[in-house]
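This is the structure alone, sequence omitted:
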């Protein structure tokens with residue numbers, strides 16, 4: 001069997017995707033060299049697994065059911081804009097998520113533990129964010145950074161966290177296509 005490029009995520013409601021599409025539209029006026037995320041592909045990644053043997057999917061799905069079942073549903077809200085490694089040298093552009101109860105962070109830790117047999121935990125830790133785009137070159141970087149620093153979201157759109165989804169990613173020239181393989185409900 002083949003290897004599949006897999007990751008575990010929380011899907012976003014259409015209202016949040018529309019809000020983020022507006023943010024991308026505003027930021028793209030900076031004319032920076034950015035590969036912007038398509039609104040339909042926006043999601044909260046809990047764990048990127050990478051190339052994983054297709055035959056692992058049933059066992060992985062069971063592990064994710066346990067990890068999700070041990071938690072409680074929660075709601076996150078859109079926060080501020082940021083970049084990795086930072087706004088002076090942006091490579092990955094993102095909007096943060098705020099979830100004060102700690103349920104989202106605990107869910108991500110359980111997902112890390114459930115997938116430890118496939119891939120090591122990320123030593124950088126978890127920073128809850130939604131990737132808006134990736135810089136392709138430094139062109140327009142300064143203007144984009146200034147625009148991001150002064151940007152204020154007008155709506156604190158809610159992101160309900162009720163389930164996690166195991167997704168397969170297929171890359172092509174037009175960008176990635178995501179296919180849900182399994183859904184695990186929280187609680």
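That came in fine, so what should we check first? Please read all numbers here as calculations on a predicted model, not as lab measurements.

From residue 161, how far out is residue 119?
In this view, residue 119 and residue 161 are 22 Å apart by C-beta to C-beta, to the nearest Å. Where you see a C-beta, it was placed from the backbone N, CA and C, and this is true even at glycine.

Compare the two (neighbour count), which wins?
Set side by side, residue 119 and residue 161 show more neighbours around residue 161, with 23 against 15, by other C-beta atoms under 10 Å.

contacting residues around the more buried one?
Applying C-beta atoms under 8 Å, 6 or more residues apart in numbering to residue 161 gives the contacts 10, 73, 74, 75, 76, 99, 103, 104, 107, 186.

and residue 109, that one's in a strand?
No: counting by DSSP: H, G, I helix; E, B strand; the rest coil, one finds residue 109 to be helix, located in no strand.

if you skip the residues just before and after it, what's nearest to it?
residue 126 (7.6 Å; C-beta to C-beta, 6 or more residues apart in numbering).

Checking the one you found next. Helix, strand or coil?
Assignment for residue 126 (three-state DSSP): coil.

what about the helices in the chain?
In the chain, the segments counted as helices under DSSP state H are 14-27, 57-69, 103-114, 141-149.

Give me the helices and strands touching the shortest one, please.
Read that as helix 141-149. Packed against helix 141-149 by the contact rule (3 or more C-beta pairs under 8 Å, 6 or more residues apart in numbering; DSSP states H and E) you find helix 14-27, strand 74-84.

beta partners of the spatially most central residue of the chain?
Of all residues in the chain, the one closest to the mean position by C-alpha atoms, centre = their mean is residue 44, 2.8 Å from it. Beta-bridge partners for residue 44, by DSSP bridges, are residue 10.

pLDDT score for it?
Reported pLDDT at residue 44 in the predicted model: 98.

and if you look at residue 1?
69.

Report the separation between residue 36 and residue 76.
Residue 36 sits 22 Å away from residue 76, going by C-beta to C-beta.

With residue 181 instead?
Residue 181 sits 23 Å away from residue 76, going by C-beta to C-beta.

the more surrounded of the two?
Neighbours were counted for residue 181 and for residue 76 using other C-beta under 10 Å; residue 76 has more, 23 against 16.

residue contacts, the more buried one?
So residue 76 contacts 44, 97, 98, 99, 104, 128, 158, 159, 161 (C-beta under 8 Å, 6+ apart).

Of those, which pair is most distant in space?
128 and 158 (14.0 Å; C-beta to C-beta).

Quick check: phi and psi at the residue lying closest to residue 145 once chain neighbours are set aside.
Spatial nearest neighbour of residue 145, chain neighbours left out: residue 87 (4.8 Å); criterion: C-beta to C-beta, 6+ apart. The phi and psi values for residue 87, taken as degrees, to the nearest 10, are phi -70, psi -20.
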